[in-house]
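Engineer: kindly return the folded structure for what I paste below:
(chains A and B)
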Amino acid sequence: GAVVSQHPSRVICKSGTSVKIECRSLDFQATTMFWYRQFPKQSLMLMATSNEGSKATYEQGVEKDKFLINHASLTLSTLTVTSAHPEDSSFYICSAAGSGLQETQYFGPGTRLLVL
Amino acid sequence: GQQLNQSPQSMFIQEGEDVSMNCTSSSIFNTWLWYKQEPGEGPVLLIALYKAGELTSNGRLTAQFGITRKDSFLNISASIPSDVGIYFCAGQLWNQFYFGTGTSLTVIP
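Structural biologist: So this is what the prediction gives:
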């Protein structure tokens, strides 16, 4: 159980276009979803936390107009990188957590974004 | 967000050796988690610890939730080549998660 999928697994786009990444919890209801960015050989950098039905909470330094997050249901969250530029190229990983103290965080397989 | 102190940063060991890594924090947590990440993949949960003092095993992996609730360690016994990867600890307090900086493990056959 506790499977999180992410789509697409990799995407290449031209500079200036927008890219949408989907994160789904397949077998549990995720009250909270998290979006991370990871640079090569570095730890996970939390971008934002989203709770179903409410606005995402962004970490300091993350532009909310650039990285649009929607958590429309208990099993789906989307991250849209708007007007992507080469410096947005990175590995984006989502994770999902259910409610309660015993519910932990399960990660998706990640999305590799390359902006040309 | 806040990051935990994880050590060592990297390890190069011979196949068959035991491995130990740990995480410390200035804050207490309700839960300690250990993940493994392989290149190009998302982290995979290895062990979750829910009570101070708890010692939990998952095959050759053993992890403990420190009695002060501010630290945790992960041991891997008799390492094999497929143990290669980056290991992350995470502390959870309610719905807030804080990650360690990772321990990169290389196993030499």
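Engineer: bridge partners for A:Trp35, pull those for me.
Structural biologist: A:Trp35 forms beta bridges with A:Ala48, A:Cys94, as assigned by DSSP bridges.
Engineer: in the chain, which spans are strands?
Structural biologist: I went with chain A, as the question did not name one. A:4-7, A:10-13, A:19-25, A:32-38, A:45-51, A:57-58, A:67-73, A:76-81, A:90-97, A:105-107, A:111-115 (DSSP state E).
Engineer: hm, I was asking about chain B
Structural biologist: B:3-7, B:10-14, B:19-24, B:31-37, B:44-49, B:55-58, B:61-65, B:71-76, B:85-93, B:96-100, B:103-108.
Engineer: what about A:Ala96, distance to A:Thr17?
Structural biologist: Plainly put, A:Ala96 is 27 Å away from A:Thr17 if you go by Cβ to Cβ, to the nearest Å. Where C-beta positions appear, they are placed from N, C-alpha and C, glycine not excepted.
Engineer: for these two, indicate the residue with more neighbours.
Structural biologist: A:Ala96 (29 against 13; other Cβ atoms under 10 Å in any protein chain shown).
Engineer: my guess is that one contacts A:Thr104. True?
Structural biologist: No. Assessed by Cβ atoms under 8 Å, A:Ala96 is found out of contact with A:Thr104, at 10.0 Å.
Engineer: pLDDT at residue 55, what is it?
Structural biologist: Assuming you mean chain A. Per-residue pLDDT puts A:Lys55 at 87.
Engineer: can you look at chain B instead?
Structural biologist: We have a pLDDT of 97 for B:Leu55.
Engineer: what about it, how many residues close to it?
Structural biologist: Other residues near B:Leu55 come to 11 when the count uses other Cβ under 10 Å.
Engineer: please apply the same query to B:Ile13.
Structural biologist: Per other Cβ under 10 Å, the neighbour tally for B:Ile13 reads 15.
Engineer: and the strands of chain A as CSV, adding distance to B:Ile47?
Structural biologist: Shown next, in CSV, are the strands of chain A (distance: least, Cβ to Cβ, whole Å):
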stretch, distance to B:Ile47
strand A:4-7, 18
strand A:10-13, 29
strand A:19-25, 21
strand A:32-38, 20
strand A:45-51, 21
strand A:57-58, 28
strand A:67-73, 28
strand A:76-81, 26
strand A:90-97, 16
strand A:105-107, 13
strand A:111-115, 26
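Engineer: who's in contact with residue 62?
Structural biologist: As the question left the chain open, I've gone with chain A. The contact partners of A:Val62, by Cβ atoms under 8 Å, 6 or more residues apart in numbering or on different chains, come to A:Met47, A:Ala48.
Engineer: oops, wrong one, chain B.
Structural biologist: B:Thr62 neighbours (Cβ under 8 Å, 6+ apart): B:Leu55, B:Thr56, B:Leu74, B:Asn75, B:Ser77.
Engineer: the fourth one contacts B:Trp34, correct?
Structural biologist: No. Using Cβ under 8 Å, B:Asn75 makes no contact with B:Trp34, being 10.3 Å away.
Engineer: thanks again, I'm all set now.
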